[in-house]
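1. Below are the sequence and a predicted model; questions follow.
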Amino acid sequence: MPNVYVEPRPKGRPEGTPIADYVLEFAGGQTLGSPFKTQADAAAYAKKMGHHPLCARVRHTDKGNPDHWRAC
C-alpha cells in the first residue's frame, strides 16, 4: 500500500496557534477517513487500513521532501 501523510490542520497555521485536528492524505491530496483528534489515532487508523503512515517533522510540510516526514 502507498504512503499516507498525517497532516495537522489548519495547514499553514501561524506559530503558536493550536492544531484543530489531523487528516490522512495521499501524495495527490486525496484524503482517507475522517478527521482525527490526535496524530496517534490517525496513524493507527492508517496502519489498520494497510497503509504506511508518515508524520510531519516540521510545521510547514512538503510531501515531495522526505526530510519533512518520519514513520509514525
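-> Right, received. Where do you want to start?
2. burial measure for the closest residue in space to Cys72 that isn't next to it in sequence, as a count.
-> Spatial nearest neighbour of Cys72, excluding adjacent residues (Cβ to Cβ, 6 or more residues apart in numbering): Ala43 at 3.7 Å. Every residue, glycine included, has its C-beta placed from N, CA and C. Using other Cβ atoms under 10 Å as the criterion, Ala43 is surrounded by 22 other residues.
3. before we move on, what about Pro8?
-> Other residues close to Pro8 by other Cβ under 10 Å number 18.
4. Against Val58, how distant is it?
-> 11 Å (Cβ to Cβ, to the nearest Å).
5. Could you pull up phi and psi at Leu35?
-> In this structure residue 35 is Pro, not Leu. Note on Pro35: its backbone torsions stand at phi -60, psi 150 [degrees, to the nearest 10].
6. quick revisit: gap between the residue nearest to Cys72 and His51?
-> From Ala43 across to His51, the span is 10 Å (Cβ to Cβ).
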